[in-house]
Each structure stands twice: as C-alpha cells, then as structure tokens.
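1. Predicted model follows, preceded by the sequence.
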There are 2 protein chains.
Amino acid sequence: LTPSVAARADLIIFAFCSLLLLAVAVCQGYQSNDIDEEDELVYEPSKYGSLWPLPQKVRVSEVSFKLPSASFKIVDAKESSAGPSCSLLQNAYRRYYEYMFGSVRKPGYVKSRAAGPSEISELQVWITSADSECDSYPSLTSDESCEFALPHCLETFSQLVYEDAYGAKNINSTTISDFPRFAHRGILLDTSRHFLPIKVILANLEAMAMNKFNVFHWHIVDDPSFPYLSRTFPQLSQQGAYHPYTHVYTPADVKMIIEFARLRGIRVIPEFDTPGHTQSWGKGQKDLLTPCYSGTTPSGTFGPVNPILNTTYSFMRQLFSEISSVFPDAYVHLGGDEVDFSCWRSNPDIQNFMEQQGFGQDYSKLESFYIQKLLDIVTTTQKGYMIWQEVFDNGVKLKPDTLIHVWKGNQQQYKDEMANITSAGYHTLLSTPWYLNRISYGQDWQGVYRADPQDFKGTEAQKKLVIGGEACLWGEYVDATNLTPRLWPRASAVAERLWSAKEVTDISDAYSRLSMHRCRLVERGIPAEPLFTSFCPHEYKGV
Amino acid sequence: LTPSVAARADLIIFAFCSLLLLAVAVCQGYQSNDIDEEDELVYEPSKYGSLWPLPQKVRVSEVSFKLPSASFKIVDAKESSAGPSCSLLQNAYRRYYEYMFGSVRKPGYVKSRAAGPSEISELQVWITSADSECDSYPSLTSDESCEFALPHCLETFSQLVYEDAYGAKNINSTTISDFPRFAHRGILLDTSRHFLPIKVILANLEAMAMNKFNVFHWHIVDDPSFPYLSRTFPQLSQQGAYHPYTHVYTPADVKMIIEFARLRGIRVIPEFDTPGHTQSWGKGQKDLLTPCYSGTTPSGTFGPVNPILNTTYSFMRQLFSEISSVFPDAYVHLGGDEVDFSCWRSNPDIQNFMEQQGFGQDYSKLESFYIQKLLDIVTTTQKGYMIWQEVFDNGVKLKPDTLIHVWKGNQQQYKDEMANITSAGYHTLLSTPWYLNRISYGQDWQGVYRADPQDFKGTEAQKKLVIGGEACLWGEYVDATNLTPRLWPRASAVAERLWSAKEVTDISDAYSRLSMHRCRLVERGIPAEPLFTSFCPHEYKGV
C-alpha cells in the first residue's frame, strides 16, 4: 500500500485497500510551506469539513490547490490494472466530474493545457487488483478490495473539493487511508406496501453511493402486492401486483436496477419472504397458501404458504431457480419473520400433518419444517441465504455461511440476540435501531448514530462475526412522494456508523459534517431533509 | 338561492352562497330514470366518493352523464354579474379544465358540437354578487359570498368527475348546497427557519385551494433569518437574510405570491412577530434590539426589541406603514409570543425605565407597554390585527376586532383559553392541536381530524366568536426537500374540520374519501404522502 511514485508530485494520496488515487499537482510556481511541515489536523472535531462518512485515517493540511475545471482530468494511472475498457471506472469518472464541476461544459474547455502554479491538473486512478475485467459484481468479500472501491474513493475525493470566495474549485493537500469497518452496509426498501417507481429506486441508489452504502436489500414482495414480474410465473404479478402493467418491475427493469447499482459498487439482494407475508402470492398461484377454516368449513381466507403440499416445494424450486439467475448476488434474503399460526391451526389437513409428524401443538416446528425444505432448495441454486432472526430463534439447521438479520426487540433484547447468534458461530447484521420508517419529532438521527452493532457482551471472535447492518425503510407510510427526504440524511447516520472507526462518536462534530453533507446531497439533486434550522447555498430545486 | 332555470335541463346544481354552478345536460336521448325518482345517497359513509372536504349538503344520484372533453365548456351564465373581464374566473376555468381533462388538447377538439345523449356539454357559472369587478381581494367577511367562492365551487365540481372503465369522464347527477363552517381556514408557513423557494410556496397555495383553505399565514421573518426585502429598510434583509440575493423575497415576489393566492380565493396575512423572535432584525437595524448585560458591561448579545427607545417606535411606524401597503389584507399578524425577559432584566437602562414606570419586577408589564404602543401604530395604518394568545393573557388593551390566536397548552388548557377569550368577547382561532411540524409514527391525521375548535365550555354566543383555525408548519425541520409531503394530506384533515358540518366525524368514511383525495392531489402534481399501505392509479411523477 505504499505508493512508489515521485514524492513531490503526489500531494493527495488515497490508499484504500488495493486501490490508489493520486492527484498529481504540478508545482512550478509553488511557494507555500513544504509538505512535511504543514499542520496536520488529525481527529480534531469539525476540522474535517464535510467528509461523510469520516475516513479511517485522514490528514488535511492547510495547503490548498486549485482544480482547473476547464481542463481537469480523471485518468487511469499507467500502472493501473484497469483501463478505458472498464465501464465501471469510466462511468464513475463522468459522475464525479459532474458532481465536482457541474455537467455543463465550461466555455473554453481545453483537453490539455499547461498547468498553472499551485494547481492540480489531474487525478490518477491506480487499480492494483488482478481482476481488471470490470464486468463482475460486487460481493460480500470482494467489494472493497477491487474496482468496486473506486466509486467510494471518488466520493471521498469529491467531498474534499470546495469553492473559494471566487467560486473557484479548491482542494487541500490531504492524505487518506481508508477502508470500511463493516463489509455489509445496507438499505432496505419495501416495494410491496407502496410501489416505488424506478426513478425513486435509482435516486436512492445514487444517494447510497454518496454515503458509501454497498447493499440494496430489495424487499420486493409482501402481503399487499407482488410487483416482481416472474418469467416462470407471470400470474404472480398479473394477479398480485397493484396493477399488472403500471405497478410491476419487468425483467428489464430489474436488470437495469442491478446494473445501475453495480456501477456504484452496490450489491442487490432481493428478499422473497415466506412462509408469512405472502397474501399477494396467493392471488396468482392456486393452492400455494393455506386455506383457513371457520369451524369445519373453509372461511375463504388464506394464511401462510401451505407447508404440507408437494406442489408448494416444486413451485418454490422453480421460482428460486429463476431468482438465482435474475439476481447475480451470492445471497438471497428468504425472510421467515412473523408467521401467524392461527390459520394453520384452523386447518384440519394441517392438524393431521402435525400429528403425523409428531409436532404436537408446536407450530414453530411446522414453520421450521417448511423453512428447512426451502433452505435445501435454495442451497441447490448455489446461493447463500440471509434470514430474519426468527429462523435462528426457532432452531432451524442453518449453513455456516448463513447471515442472520436482527430486527426485533428493545436495546437489551437485540444485544442479547446478537450475543446468542454469534456465540453459536453465525454471522449476523443489525437493523433493530435503524428502522427509519419509525419517525419522531426532532433530531432522531442522533439516536440512530449512537447505536453500534458490536455493542453487546461477547468475545472478540464473536464481534468479528458482525458483518454490519441495514437501515430499513418499511413501506406503510412512504412512496414516491416522501421516501427520499424521509430516508436522507437519517440513513447517513447509519452510513457513518457502519463505515467509520468505532471511536468516531463525537455528535457535535458529526452534526457539523452531516449538515454540510446533506447540503451536498441537495446540490446533487437528492431531496435530503434538513437536520435543523439552517440553509444551504443551493436549496433544493426539484420541487 | 333558488335557481330559476328550466328544471329539466339542470341536473347538477350547486347553490353556494350567492353563486350558482349549473351544469347543463342535454337530454335528447335520455332514457334513464326521472330525476325525481333517483336514489338519493345522503350522508351514507363512503358513498361520497372522493369529496373533500365534504360539502354541507350533498345528494348524489346513480344517474351518470358523460363529459365530452373535446368540447366541454365552462361558461359565464347569461344572468351572471361577472364575465369575461374577470380574470379570477377565467383563471379558475382554465385551471379546473386542466385538472379535469388534462392540459393536452385532445385530437379533434371542437369549439361546439351537437351534444350526444346523456351528456353534459357545459358548466354555467352564475355569479350573483354585486361586485363584478374581480379585482378586489378576499377578506374575512366577504370571501365566501362573492366571486372568491368560485374556485371552491369548481374544486367541488371537479371532485365529482370520475373516469369510467374506458377512461371517459363521467359525473353523476348531484345536488350540492355548500358553505364553510368557519370563515378563517389557514395554513402557517415559516420562511425564516428555512427559506422556502417561491415554487414551494406556490405549490402549497395550489394544494390549499384544492382543500378550500382561504388564509395563507405567512410567518415571514423570525430569529434565524429576515428574508423580507423591505423597500424602506433594505438593510434588514441585506444583513438579516441567510443570503441577500438568493434567500430573500423581493417586492415583486411578494406581489406575485399575493396575486397567485387571490386567484385561488386565498388571503395572505403576513406575520411580523415582535418584540421577541427578532434576532435577525438586529443585524440590519442598529439599536433596535436590547443589549444584554453580563454584570455591568454589555455582553455583546441582544435580546428582544428595545421598548424604551423612541427610535424603536419610529422604526416600527415606518416598517408597518410599508407592510400595510404591500399586503392588501385587512389584517396583519403581530406575533407577541414567547418573550424572554432575561436580557431585559440584565440591562440597567431597562431596569431604570421599569422603576420610572412603576412596573416593579413585572416584565410582562413592559411587554404590554411595548405591544400597546405597537398596536396603536398599526391601528393608524387602518389594519386589524391578529396576535398570539400571550398578548391577551397579559391583559393588553385590544380593539374589539382583534383576532386572538391560540397555540399553547394541552387539550384542557387550550379549551380553557378559548373559553376565556370568548367570554371576554374577543374573536379567536385555534392552532394548538394543528402544529403539523410535530410528527409521530402512524396515522396522526386522525387526532388532527378529531380536534374541534368549538369543543370547549361556553355559550352559543361564545362559540360564534370562533372564526376558525390554522394548521401550522413551523420551519425547524422542513424546507423545499420535505415540506409539501409533510403538510399534505395531514393538513387536509384540518381543512375538513374547518369547512364541513360539525357532525362530519366518521373516521372510516373520512379515511376512504381522504385516500382518494390524496391520490387526486398526487395526480395534480402535489407530492402528498400516503395515509397507509396503498397505491394510486397515477403515482407521483415529480421525483
């Protein structure tokens, strides 16, 4: 990780996993202090400008350089293992050039010119990983050690750029060494309770990239609607979506969303939650759900997936086979939360099956019976799985690479749950304190910011099994009209907790940086709501 | 109010104050039931479709008529006292034609054609008031008895129009007699804590019109910033605004906002709150604020307006003289809330003045001294005044036409306050339960909907002194990014409480109508947030 380039020219160095950004300053007329003598402002509150989330190590000096917008270049370093054929890099260059300098070509734009004094004329990107193909997908283990780190690096670089009194773009000489504290930094969006137009999803993927989130947990279907258009079972959305044409995600939509995310270093993990939360599935798939009984006759309503029919499992086999090929990520989220047993209890066929299996009256055994078979099916598709904590709580046999998602309980309860899961040797991630659909009056981002996923009683080995967390925005009260401002910048508080060092907890420093960060989101077109009484130089124009 | 037109042709009649809307149906091929025999659905829950707020009297029949979008006309009735020269009417016709049929001219649009069977070809507007000039402003006493009622009537008409299975526009034969329960139905927006771009204000004026609100209470300046550009004292915004150019309302902006509101039957009442809430005023006006002392020396900070200097009152005289000519409404809101006495207490000059006046240590007497002089000044500008409840509580002498604005306390306290104010013979309006800046998780519109401004112990005469209420959206946590979805449709709950009959309290019927109403707001471009899990045929496209 030691850059082996001529020292004097490299004033800004990012060493981030195996990737380097070198901003090359041409110092012809450079009259200022020598770089070795500059004041280093390390971990002083509010001296980090608008950096969010705060990098692991950062030294900002007072020496500033101008960025010539008319000729500034972001280029592949000669030594880089990835080049012009890498669409991920090229897209990121364009995106961040626009964030920093605006999309309008400046009058007098020139491809190259002699650099002036105290100017930084180009940013060199040096990818050192072996995989230079750039056509793979980010993953739990690799996303921060290859080209998928590049968008995060450029984000940091762009956060260092500021306007001086004349509107000119400047950057201070800065050394940053950075990596994320947790590998799994997610946002859950729910497209079942309200349909979210593709534009909304894309806007939030952009905001995620600006906050270095790397997992989009797509809670795509649930009780209220089934907007996923399945090639194998088109009746599911035909009957189960709010509208079969205007309120569905076609295969092309899904593909586009995945690619949009990939270009920003974001994984897409779909959740197909069963056996509960499946009311909308029943509309397009006969016999999938359990018929509920009122006394000795079917009541006409339906409960969870029917776990006693072979047809259920052949349906799941086909559906998850499709899902495994549509979604490239190595993981799929299988849900498993909140199964209501009352309908199963009412059904005589289920009762017989329970007796036959020797389950007694313990319906969680029936639930586990179902989940076990489902996990076996998904295992054959070569996917790993994430599941909500109930599946672990019920004692279902899980593969060692299973990710257990904690969402329930008060503070003590979720800490105990994290301790239990990790002491059993499983990986886990936290969402309980980050249910951002829950709102209250005032600055609730502070409570969000204070929660820490490793803050439970356990050994160091246990703590290492925590892979991160997710901010969840369940859909009861949000749709295209209000989702984005409700999520941002509240989710940014989660972003810093999951990226920055554990010790970064100074709330007043965070307030200062987050206020500036939210104005940057606004300037980039994201309607991120204000933290408190304030103003932005460029207010939101999208109304 | 009895329409004297050929009975058979008038299938839809609005009798609303002194204004009539007659939708003339041409019944050549009319084969359906006779109008006298049709089913009348009066006050049956959820039978009122999407009407919001619910009109005072409404009879909807099952007889439907088609509206030919290609030739439908909204015209002045022959007998109408207002005609083509009335810009208010012409603007309203265009607006509601677009809401009903879209702004795109249909292929084959024809100015006139023979009407088909069961068709309504035109809507006749019959203004019966004497004032046909249409260049005046709505007021507390006149707004619902003249042409300013017209936008409300057209809103109701447009809410009756629905699409059939083929996308054709239909309306059922309906008789409505309508008037508002309260004359003052307001929304407070705060442009000091966050600056609100003009587009945001205009969008909310549009939403107000769709909900029959008729007062925009513009809390234009406060401690954090002074965005009002005063011709007399330009330094106030030059120094006190967040930014002297990008974060101010110029005289032209103010004029435009007032006219935009007027065309929608909405009054604009500005609030210039003193003597507290004036930190931003002090930046551009020397000696206006009280210097606070730390021991025997000035601390460098400032408190409320300095009430002991003559210069203060000459400043106020000039400022309110300007305000009275810039804002045409008969009322101005003078604030008077939350005066912090600690700075006054610290200042030796104030202490001397207190002694001299014999006020002892009772600083509320000093506050009243100031307010009394301010009220006298404003009285000379021929304006009536609104004030926050503290001014009444402190025993300041008030003109009989003063409107006392209740905002404090818990439910029992604000009810007692309303009782006290009205038993003293003053007019009052309520905001306490309608502080919509306060948010909580879930359907908080229901609590908002249940509050009633006349629900306190008092005589009928006292109840009549309640002129209405205002939904307040204070600006700490809202700006252009999130204001509109946070306000709507929660403010719609207040709208129905202030417009509809006292007995309209069925919450499930309200839920049904309000859900449809919010989708209509969305379709018209207002990002009104969802009430709960649901969908709209046309989701919000403005993202």
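-> Structure's in. What do you need? Numbering: from 1, shown residues only, chains lettered A, B, ... in the order given.
2. near chain B, anything from stretch A:336-354?
-> No - Stretch A:336-354 lies apart from chain B when judged by Cβ under 8 Å from any Cβ of the partner chain; the minimum separation is 15.1 Å. Just so you know, the C-beta spots here come from the backbone N, C-alpha and C atoms, and that holds for glycine as well.
3. Using neighbour counts, pick out the buried residues of that stretch.
-> Within stretch A:336-354, the residues scored as buried using 16 or more other Cβ atoms under 10 Å in any protein chain shown are A:G336, A:V339, A:F341, A:C343, A:W344, A:R345, A:S346, A:N347, A:I350, A:F353, A:M354.
4. can I get the CA coordinates of that stretch in PDB?
-> Extracted C-alpha coordinates of stretch A:336-354, given in PDB (Å, rounded to 0.1, in the frame of the first residue of the first chain):
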ATOM      1  CA  GLY A 336     -39.000 -16.100   7.600                       C
ATOM      2  CA  ASP A 337     -40.400 -13.400  10.000                       C
ATOM      3  CA  GLU A 338     -43.700 -13.000  11.700                       C
ATOM      4  CA  VAL A 339     -45.500 -16.300  10.800                       C
ATOM      5  CA  ASP A 340     -49.100 -16.200  12.200                       C
ATOM      6  CA  PHE A 341     -50.100 -19.700  13.200                       C
ATOM      7  CA  SER A 342     -53.800 -19.200  13.700                       C
ATOM      8  CA  CYS A 343     -54.700 -20.200  10.100                       C
ATOM      9  CA  TRP A 344     -52.500 -23.300  10.200                       C
ATOM     10  CA  ARG A 345     -54.200 -24.200  13.500                       C
ATOM     11  CA  SER A 346     -57.700 -23.900  12.000                       C
ATOM     12  CA  ASN A 347     -57.000 -26.200   9.000                       C
ATOM     13  CA  PRO A 348     -57.800 -30.000   9.600                       C
ATOM     14  CA  ASP A 349     -55.300 -31.200   7.000                       C
ATOM     15  CA  ILE A 350     -52.500 -29.200   8.700                       C
ATOM     16  CA  GLN A 351     -53.700 -30.700  12.000                       C
ATOM     17  CA  ASN A 352     -53.400 -34.200  10.600                       C
ATOM     18  CA  PHE A 353     -50.000 -33.500   9.300                       C
ATOM     19  CA  MET A 354     -48.800 -32.100  12.600                       C
END
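5. ok, residues contacting that stretch?
-> A:273-277, A:290-294, A:296, A:299, A:301-304, A:306-308, A:360-361, A:363-367, A:371, A:387-391, A:407 (Cβ atoms under 8 Å, 6 or more residues apart in numbering or on different chains).
6. Any stretches of the stretch 101-250 of chain A with poor pLDDT?
-> A:103-117, A:130-133, A:142-146 (pLDDT under 70).
7. Apply 80 and report the result again.
-> Residues of the stretch 101-250 of chain A meeting the criterion pLDDT under 80: A:103-117, A:128-135, A:141-147.
8. What parts of the stretch 201-350 of chain A come near chain B?
-> Within the stretch 201-350 of chain A, the residues that sit near chain B (Cβ under 8 Å from any Cβ) are A:A203, A:P224, A:S225, A:Y242, A:H243, A:T246, A:H247.
9. Of those residues, which is the nearest to B:A330?
-> B:A330 lies nearest to A:A203 out of these, by Cβ to Cβ, at 44.9 Å.
10. Helix, strand, or coil at the closest one?
-> helix (DSSP: H, G, I helix; E, B strand; the rest coil).
11. tell me which element A:G300 falls in.
-> Using DSSP states H and E, A:G300 sits within strand A:297-305.
12. quick one: contacts of the helix or strand following that strand?
-> Proceeding N to C from strand A:297-305, the next assigned helix or strand is helix A:310-326, under DSSP H and E. Outside helix A:310-326, the residues within contact range by Cβ under 8 Å, 6+ apart are A:230-233, A:251, A:254-255, A:270, A:272, A:274, A:285, A:287-288, A:305-306, A:332, A:373-374, A:377-378, A:380-383.
13. repeat for stretch A:244-259
-> When contacts are defined by Cβ under 8 Å, 6+ apart, stretch A:244-259 is touched by residues A:191, A:195, A:198, A:201-202, A:205, A:218, A:220, A:225, A:227-229, A:231, A:237-238, A:241, A:268, A:326-328, B:535, B:537, B:539.
14. repeat that for 7 Å
-> A:195, A:198, A:201, A:225, A:227-229, A:231, A:237-238, A:241, A:268, A:326-328, B:535 (Cβ atoms under 7 Å, 6 or more residues apart in numbering or on different chains).
15. Kindly report the same for stretch A:151-161.
-> If you take Cβ under 7 Å, 6+ apart as the criterion, stretch A:151-161 is touched by A:14, A:16, A:19, A:21, A:50-52, A:55, A:67, A:92, A:96, A:99-100, A:123, A:169, A:171-172, A:174, A:176, A:178, A:209-210, A:212, A:264-265.
16. now do 8 Å
-> A:12, A:14, A:16, A:19, A:21, A:23, A:49-52, A:55, A:60, A:67, A:74, A:88, A:92-93, A:95-96, A:99-100, A:123, A:125, A:144, A:169-172, A:174, A:176, A:178, A:180, A:209-210, A:212, A:263-265, A:517, A:520.
17. Make a PyMOL selection of whichever of the contacts of stretch A:244-259 turn out to be buried.
-> Buried residues among those (16+ other Cβ under 10 Å), as a PyMOL selection:
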select buried, (chain A and resi 195+201+225+227+228+229+237+238+241+268+326+327+328) or (chain B and resi 535)
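18. among the contacts of stretch A:244-259, which are in helices?
-> Within the contacts of stretch A:244-259, residues falling in helices by DSSP state H are A:I198, A:I201, A:S237, A:Q238, A:V326.
19. Greatest separation within these: which pair is it?
-> Spatially, the most separated pair among the ones in helices among the contacts of stretch A:244-259 is A:I201 and A:Q238, at 21.6 Å (Cβ to Cβ).
20. gap between A:E206 and chain B?
-> A:E206 sits 12 Å away from chain B, going by Cβ to the nearest Cβ, to the nearest Å.
21. Give me the pLDDT for the nearest residue to A:I507 once chain neighbours are set aside.
-> Excluding its sequence neighbours, the residue lying closest to A:I507 (Cβ to Cβ, 6 or more residues apart in numbering or on different chains) is A:Q446, at 6.0 Å. A:Q446 is assigned a predicted lDDT (pLDDT) of 96.
22. Give me the phi and psi angles of A:Q446.
-> Main-chain torsions, A:Q446, degrees, to the nearest 10: phi -70, psi -40.
23. Neighbours of it, how many?
-> 13 (other Cβ atoms under 10 Å in any protein chain shown).
24. what about it, distance to A:W407?
-> Per Cβ to Cβ, to the nearest Å, A:Q446 is found 21 Å from A:W407.
25. got it, and A:T381?
-> A:T381 is 25 Å from A:W407, by Cβ to Cβ.
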